[in-house]
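Participant: Please work out how this folds:
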Amino acid sequence: MVNLVSRVAIIGVVFIAVAYQFIFKSIIFHTLGYGRKVSSIKDFPDVRCEKITELGLEGCEDMWLHEPTGALYMACSDSQSRTQWLPAVGFLNATGRGLTDRIAVLDTRGPGRLATRIKWLSVENFSGIKGDGTMNLHGFDIRHDENTDVLHILLINHRPPIDSEHGEPLDATLIGANSTIEHFRTEVDSDSMRHVRTYANALIQTPNRVAWVTHDSFVFTNDHSGKVGFRRELDPFIGGGTVGYCNQSTCNIGYSGFKMPNGLVRGRDGLIYVPSTLDGTIRVFNLSENHHLLKVNEIKVPLPVDNLSVDKKGDIYAAAFPKAYMWGKSSKDPFNVAPPTAVFRIRKSVQENERERKPHLEMNAEYIVEKVLEDDGSVLPGSTTAVHDAETGRIFLSGIMSPYIAICESTA
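Facilitator: Here you go, the predicted structure:
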């Protein structure tokens, strides 16, 4: 009996040691960021950043820049309601969901105070929940028609679950959100957007970000293995999530086996870039003729990554979490906890001697990963998106929980 107990104890110790080495150690130190040293924005002397607090731009998960005009589109909410209803992190109190989520448009290149250059798009032809016209926004993408001023907007909309027969609310903690992808049409300089159609499909389970691939099709990330349940709770340890494809007639899963995929983007090279919140890896894909993703490369980023964006030159900007555990705290108390943030630029070409001149540079196969910003939470928001305007050099930062945005520009 003593020998049996000893053997069980030894096996247990070995199992715990192996689990720590290969699972928990990575989660504790790499993903959550415990013990990680974080730079201050002061360590980037050629950059000046400013908090923008007076515009009411709270809880802006995602942004998109209209390159020709500098109009910055943002999917915003209010930070307090995000603490109640945010299915991506398991906040499923539908009674506390935001009722004022909408798209903001900021003219970033015009004259005068910023307060005179912001507008909020009104919504047309959209019923919302039982006719209230509301949405609960997350990631989005915009496609600009090449020959017109028409913009096609795809929005992630985390609707609360409603009984289709009786119209009564269902318990979201048991079945999750009833998320959809909404297509709206607007025009440059317009004050409104008109609803075109809703994409609702059983494969659109936990959508996080969407990206146009043609004029009538798109890809999207499911950031978890399921809406609720025990398997979802295991995602941080064993991974979970998919990338799906939809056109006007059908949807399919294009690739599975991710570690919590997040804010994917279609690059100017036509490739699909999918970041991981768990390990910081950006997987690079081709979209096949049968609408599946074919992996062609990987990019290692030193931190967990949220959303990606692409600038006019084709460079990719990644918002990252130096200390994800601090972001977790801020998600419950966004007005009092300011988590660190970082921004990386990813590009394909570099001079051989550039690594020596830029200490934040990392070689990554054919891609170059460079940290361009980092802050301990003093100035920058806990950013989920960073957008670069190649015309002006400015970087715009926003966060899904943050009560403000920030604008950074070069002083060199």
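Participant: Could I get the pLDDT score of residue 32?
Facilitator: You'll see residue 32 listed with a pLDDT of 74.
Participant: Next one: it relative to residue 324, how far apart?
Facilitator: Separation of residue 32 from residue 324 (Cβ to Cβ, to the nearest Å): 5 Å. Backbone N, C-alpha and C define where each C-beta goes, glycine included.
Participant: what about these two, which has more around it?
Facilitator: A direct count of neighbours by other Cβ atoms under 10 Å for residue 32 and residue 324 places residue 324 higher, at 24 against 19.
Participant: which ones are touching the more buried one?
Facilitator: With contact set as Cβ atoms under 8 Å, 6 or more residues apart in numbering, residue 324 has these partners: 31-33, 277, 304.
Participant: ok, those residues vs residue 101, which is closest?
Facilitator: Relative to residue 101, the closest of the contacts of residue 324 is residue 277; by Cβ to Cβ it sits at 22.0 Å.
Participant: For that closest one, give me its contacts.
Facilitator: Contacts of residue 277 by Cβ under 8 Å, 6+ apart are 31, 223, 259-262, 304-306, 321, 324.
Participant: which ones among the residues you listed are found in helices?
Facilitator: If you go by DSSP state H, these have residue 324 in helices.
Participant: Could you identify which of the contacts of residue 277 has the most neighbours?
Facilitator: Scoring the contacts of residue 277 on neighbours with other Cβ under 10 Å, the highest-scoring entry is residue 261 at 31 neighbours.
Participant: Please report how far residue 85 lies from residue 57.
Facilitator: Residue 85 is 19 Å from residue 57, by Cβ to Cβ.
Participant: Confirm that residue 35 sits in a strand.
Facilitator: No. Going by DSSP: H, G, I helix; E, B strand; the rest coil, the assignment for residue 35 is coil, not a strand.
Participant: That one: neighbouring residues, count only.
Facilitator: For residue 35, the count of nearby residues is 8 (other Cβ under 10 Å).
Participant: Over to residue 68?
Facilitator: 11.
Participant: buried residues in stretch 341-349?
Facilitator: Under the neighbour-count criterion of 16 or more other Cβ atoms under 10 Å, stretch 341-349 has 341-347 buried.
Participant: What of stretch 378-387?
Facilitator: 379-387.
Participant: Report the residue spans of this structure with pLDDT below the cut-off.
Facilitator: Along the chain, the model assigns pLDDT under 70 to residues 1-26, 29-30, 33, 349-365.
Participant: quick one, strands of the stretch 251-400 of the chain?
Facilitator: 251-256, 265-266, 272-275, 281-287, 293-300, 305-310, 316-320, 341-347, 361-364, 367-375, 385-388, 395-398 (DSSP state E, counting those that start in this stretch).
Participant: And for the stretch 1-150 of the chain?
Facilitator: Secondary structure of the stretch 1-150 of the chain, counting by DSSP E, counting those that start in this stretch: strands at 47-52, 58-66, 71-77, 85-86, 91-92, 102-107, 118-120, 122-124, 137-144, 150-159.
Participant: Indicate which one of those is closest to residue 171.
Facilitator: strand 91-92 (8.6 Å).
Participant: ok, the residue nearest to residue 209 when sequence neighbours are not counted - contacts?
Facilitator: Computed as Cβ to Cβ, 6 or more residues apart in numbering, the closest residue to residue 209 that is not its neighbour in sequence is residue 139, at 3.5 Å. Neighbouring residues of residue 139 by Cβ under 8 Å, 6+ apart: 61-62, 75, 156, 207-210, 263, 307.
Participant: List just the nearest of the residues you listed to residue 143.
Facilitator: The shortest gap between residue 143 and any of these belongs to residue 210, at 10.7 Å (Cβ to Cβ).
Participant: is it fair to say the closest one lies in a strand?
Facilitator: Yes. Looking at residue 210 with three-state DSSP, it is inside a strand.
Participant: That one reaches residue 156, doesn't it?
Facilitator: Yes. The criterion here is Cβ atoms under 8 Å, and residue 210 meets it with residue 156 at 6.1 Å.
Participant: okay, and the common contacts of these two?
Facilitator: 139-140, 181, 220.
Participant: Around residue 43, how many other residues sit close by?
Facilitator: 14.
Participant: gap between it and residue 344?
Facilitator: Distance, residue 43 to residue 344, by Cβ to Cβ: 15 Å.
Participant: same for the helix or strand residue 186 falls within, what does it pack against?
Facilitator: Assigned by DSSP states H and E, residue 186 belongs to strand 178-187. The helices and strands touching strand 178-187, judged by 3 or more Cβ pairs under 8 Å, 6 or more residues apart in numbering; DSSP states H and E, are strand 150-159, strand 192-199, strand 207-214.
Participant: ok, so what distance separates residue 173 from residue 237?
Facilitator: Separation of residue 173 from residue 237 (Cβ to Cβ): 22 Å.
Participant: Residue 149 now?
Facilitator: For residue 149, the distance to residue 237 - Cβ to Cβ - is 48 Å.
Participant: now swap in residue 245 and tell me
Facilitator: 28 Å.
Participant: When those two are compared, which one has more neighbours?
Facilitator: Under the criterion of other Cβ under 10 Å, the comparison of residue 245 against residue 237 puts residue 245 first, with 23 against 14.
Participant: part of a strand, is the more buried one?
Facilitator: Yes. Counting by three-state DSSP, residue 245 is located in a strand.
Participant: burial measure for the nearest residue to residue 223 once chain neighbours are set aside, as a count.
Facilitator: Excluding the flanking residues, the one nearest residue 223 by Cβ to Cβ, 6+ apart is residue 208, at 4.0 Å. Here the number of neighbours of residue 208 (other Cβ under 10 Å) works out to 27.
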